[in-house]
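Let me see the structure of the following:
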Amino acid sequence: MPNSKSTQKILIGEISGAHGIRGDVLVRAYTGTPDAIASYGPLTDESGKRSFSLRVVRVTPKGIVARINGIEDRNAAEPLRGIKLYVTRDRLPEPEGAEYYYADLVGLNAVSEDGSALGKIVSVQNFGAGDLLELKPSDGSATEFIPFEDQYVPKIDLPSHTIVIKRPELTGDEDDAGTLEEDEDTEEDDRA
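Residues are numbered from 1 along each chain as shown. Below you'll find the model as predicted:
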C-alpha cells in the first residue's frame, strides 16, 4: 500500500550553498514558480528530523536567495550545502487535469489493456526526451522504460492504485541498421 499523503515526502528543493555573509543560502527550487517554495511552510530534511523555515529574499538565475530562521551568518549557512528540502504530499496542491506528481505514480500496479498484471512502476525518469515510466515486470526480468504518453499509458486510476500500460512494439530497426552496414562493406569490396 502506498504511503499516505500525510507522511509521503516530496522533494521540492535543495540548498546549493551559502550566499553572502548574513547567513543567506542559495536554494535550487523544484516548484513550478521558484519563489513558491517558501509558501509550503517549514520544510524538512530527508530524515524529517530537521526543519527549515524559508523566507525568499530574491530570485536569481542561479536559484533563490533565502533566509532560514536561526541561521545568522555564513559560518552557520555553510554546513547546510547539499541538504535536500522536503514537504509532505498533503501540503501540495492537487494536480490539474492530466497532470501527476511523480510520487503518485511510483508504486502503481501496472496492468495490460486486458487487465493482466505486468508489474510495478518503480520510478519516473527524464533523460531529456520526455518522461519515462520505469516498469519492473512481475516475472522478475529487467526493468523497462515506457514512454509516458497517452498511446502507451491510456489510463491511470490513482484510487485503485493501477496504471494501464500498452508496451511499445519493437520495430526491428536495429537489425536493419546492421544489414545496411554489411551491404555498404560489400559494395566497397566489389569496387576494390
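
Just give the nearest non-adjacent residue to Asn126, would you?
Nearest non-adjacent residue to Asn126, counting by C-beta to C-beta, 6 or more residues apart in numbering: Leu132, 6.8 Å away. No exception for glycine: its C-beta is placed from N, CA and C like everyone else's.

what about the one you found, which SS state?
Here Leu132 is strand, with the state taken from DSSP: H, G, I helix; E, B strand; the rest coil.

what are the bridge partners for it, then?
Gln125, Pro147 (DSSP bridges).

count of neighbours near it?
18 (other C-beta atoms under 10 Å).

Next: Asn69.
Neighbours of Asn69 (other C-beta under 10 Å): 11.

need the contact list for it.
By C-beta atoms under 8 Å, 6 or more residues apart in numbering, Asn69 lies in contact with 52-53, 55.

I figured the residue nearest to Asn126 was touching Phe148, is that so?
Yes. If you go by C-beta atoms under 8 Å, Leu132 and Phe148 touch, sitting 6.2 Å apart.

isn't Tyr100 right up against Ile163?
No. Using C-beta under 8 Å as the test, Tyr100 is too far from Ile163 to be in contact (9.8 Å).

Please say which of these two ends up with more neighbours.
Ile163 (24 against 16).

what bridges to that one?
Residues in beta-bridge contact with Ile163 (DSSP bridges): Ala110, Ile156.

Wait, it touches Ala110, no?
Yes. Using C-beta under 8 Å, Ile163 makes contact with Ala110 at a distance of 5.4 Å.

Quick check: neighbours shared by those two?
Ile121.

What is the burial count for Pro137?
With other C-beta under 10 Å as criterion, Pro137 counts 14.

Mind checking which of the contacts of Asn69 are buried?
Phe52 (16 or more other C-beta atoms under 10 Å).

can you list the contacts of Asn69 in CSV and add pLDDT and distance to Ile10?
Output for these, formatted as CSV (pLDDT from 0 to 100; distance: C-beta to C-beta, whole Å):
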residue, pLDDT, distance to Ile10
Phe52, 96, 15
Ser53, 94, 18
Arg55, 95, 21
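
what's the overlap in contacts for Tyr100 and Ile163?
Common neighbours of Tyr100 and Ile163, counting by C-beta under 8 Å, 6+ apart, are Ile156.

and the nearest residue to Asp73 once chain neighbours are set aside, backbone torsions?
Of all residues beyond its chain neighbours, the one nearest Asp73 is Gly23 (4.9 Å), with distances taken as C-beta to C-beta, 6+ apart. In terms of degrees, to the nearest 10, the main-chain angles of Gly23 are phi 100, psi 10.
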